[in-house]
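Visitor: Got a sequence here, can you build the structure:
(one chain, ligands or ions: 1)
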Amino acid sequence: MDSRGTRTPLSITGFIRQIFHPKKKTLMSLPTTVGPVSLAAREAAIKTLQQLLGDRLSTAASMRERHGKDASYHPCAPPDAVAFAQSTEEVSEIVKVCGRHKVPIIPFGTGTGMEGNVVALRGGVCIDTSRMNRILQVSAGDLDATVEAGVTHEQLNEQLRDTGLFFSVDPGANASVGGMAATRASGTNSVRYGTMRENVLSLKVVLPDGRAIRTARRARKSAAGYDLTRLFVGSEGTLGVITEVTVRLYGIPAAISSAVCSFISVEAAVNVVIKTIQAGVPVSNWPMQSRWTLLRGIQSSICRSRRRYGSNFTALRPAWKNRRRWSS
Ligand SMILES: Cc1cc2nc3c(=O)[nH]c(=O)nc-3n(C[C@H](O)[C@H](O)[C@H](O)COP(=O)(O)OP(=O)(O)OC[C@H]3O[C@@H](n4cnc5c(N)ncnc54)[C@H](O)[C@@H]3O)c2cc1C
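Guide: Next up, the predicted model:
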């Protein structure tokens with residue numbers, strides 16, 4: 001892209017190398033449909049947002065750098081400012097101001113994404129949702145909960161502990177539920193309980209013009225109209241800013257056990273998985289690991305299960321102890 005925003009041709013292989021080559025610390029290529037944002041426009045937007053948010057708008061270098069990078073290898077490209085929104089109305093105002101000045105907006109949860117999607121290639125305003133962290137409603141009878149986008153899945157499960165229910169999607173990092181919806185996150189329990197695609201019932205979203213919409217109602221049987229929820233789940237902040245999420249909850253099983261088995265081949269392991277699921281045995285997850293990563297995996301998985309399920313959880317060890325090999 002040159003200074004006037006016109007397109008520079010890039011071969012397919014060059015494009016792929018630029019994005020995916022981990023050793024080459026180049027920035028991802030810029031989208032070709034958007035022109036550069038003038039400095040005057042950015043400064044005007046920041047000035048207006050400062051009046052709106054006070055010290056909840058930060059232009060400090062360290063804060064901008066923290067928000068210009070996620071857990072991936074992509075190098076940091078900081079936004080011009082970071083706005084800490086506290087409500088849907090505030091997000092709406094921020095979006096309107098940025099829209100007026102044609103300044104990019106980058107929603108931000110906890111920055112645990114693995115694809116560099118929060119990297120601010122053209123600067124702009126990062127909307128950090130971490131202060132939108134209220135659990136708005138837990139409907140134990142309906143098996144759902146509505147939370148603000150910045151609530152993390154660990155925070156939600158901590159709150160649910162005494163209800164006998166849990167939220168099943170756990171990507172391994174303590175991500176925000178809004179960020180998880182935006183990336184259609186999966187996790188260790190997804191074999192049994194599904195990913196965010198299956199577990200988001202409804203969203204409140206601020207659209208690029210600042211309007212806030214709700215994508216669906218909570219009722220499971222409702223099937224009218226476009227499935228807007230699925231449109232926004234996985235949209236990675238490109239279609240709007242998610243401010244509230246209604247998710248499915250599940251009852252914590254009365255008993256849970258875990259076992260470690262070693263197999264003579266990958267094929268043997270896969271066949272056992274297929275046969276077990278076909279037999280209707282409810283299995284939460286099947287992590288397959290090499291000998292070297294196994295011990296660490298077992299340790300963290302047992303700790304996670306204990307934290308979530310408490311005394312209902314038993315780790316079975318005979319297969320591990322006897323190092324029995326299964327041939328399926
Ligand atoms: C150790 C580790 C293990 C992981 N394992 C898995 C795994 O097994 N499965 C898996 O799916 N992921 C996994 N991840 C990736 C990561 O946890 C997810 O991508 C997570 O869902 C992102 O949530 P976040 O709050 O950190 O979002 P961020 O990283 O802050 O943002 C991610 C994207 O979502 C957008 N976004 C964030 N919040 C909003 C919002 N409120 N509205 C609109 N858009 C928003 C951002 O603009 C960005 O495009 C792992 C990450 C780590 C570090």
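Visitor: Now the closest residue to the ligand within the stretch 1-150 of the chain. Nearest residue, chain neighbours left out?
Guide: The minimum distance from the stretch 1-150 of the chain to the ligand, using CB to the nearest ligand atom, falls at residue 109 (2.2 Å). Bear in mind the C-beta positions are built from the backbone N, C-alpha and C, glycine included. With sequence-adjacent residues excluded and distances taken as CB to CB, 6 or more residues apart in numbering, residue 109 is closest to residue 179, at 2.7 Å.
Visitor: Residue 193 too?
Guide: The shortest distance from residue 193 to any residue other than its chain neighbours is 3.6 Å, reached at residue 168 (CB to CB, 6+ apart).
Visitor: list the contacts for the one you found?
Guide: Residue 168 sits next to 187, 189-190, 192-194, 199, 248, 250 when contact means CB atoms under 8 Å, 6 or more residues apart in numbering.
Visitor: Now do it, the pLDDT please.
Guide: Here the pLDDT value assigned to residue 168 is 96.
Visitor: any idea how far it is from the ligand?
Guide: Relative to the ligand, residue 168 is positioned 13 Å away (CB to the nearest ligand atom, to the nearest Å).
Visitor: Wait, residue 85 touches residue 91, no?
Guide: Yes: the pair formed by residue 85 and residue 91 meets the contact definition of CB atoms under 8 Å, at 4.7 Å.
Visitor: what do these two both touch?
Guide: Contact criterion CB under 8 Å, 6+ apart; residues bridging residue 85 and residue 91 by contacting each: 127, 129, 132.
Visitor: circling back to that earlier point, am I right that the residue nearest to residue 109 falls within a helix?
Guide: Yes: under DSSP: H, G, I helix; E, B strand; the rest coil, residue 179 falls within a helix.
Visitor: wait, residue 164 sits on residue 250?
Guide: No: counting by CB under 8 Å, residue 164 stays clear of residue 250, with 9.9 Å between them.
Visitor: Neighbour count for these two, which is higher?
Guide: Applying other CB atoms under 10 Å to residue 164 and residue 250 shows that residue 250 carries more neighbours, namely 16 against 13.
Visitor: Pull the contacting residues for the more buried one.
Guide: 143, 165-168, 193.
Visitor: Endpoint to endpoint, stretch 79-99 covers what distance?
Guide: The straight-line separation of the ends of stretch 79-99 (CA to CA, to the nearest Å) is 16 Å.
Visitor: where's that stretch relative to the chain centroid, distance-wise?
Guide: In terms of CA atoms, centre = their mean, to the nearest Å, the gap separating the centre of stretch 79-99 from the centre of its chain is 20 Å.
Visitor: returning to what we had before: most neighbours among the contacts of residue 168, which one is it?
Guide: Ranked by neighbour count under the definition other CB under 10 Å, the contacts of residue 168 are headed by residue 199 with 25 neighbours.
Visitor: Which pLDDT value goes with that one?
Guide: In the predicted model, residue 199 carries a pLDDT score of 97.
Visitor: Would you mind measuring from the residue nearest to residue 109 to the ligand?
Guide: Between residue 179 and the ligand the distance, using CB to the nearest ligand atom, works out to 2 Å.
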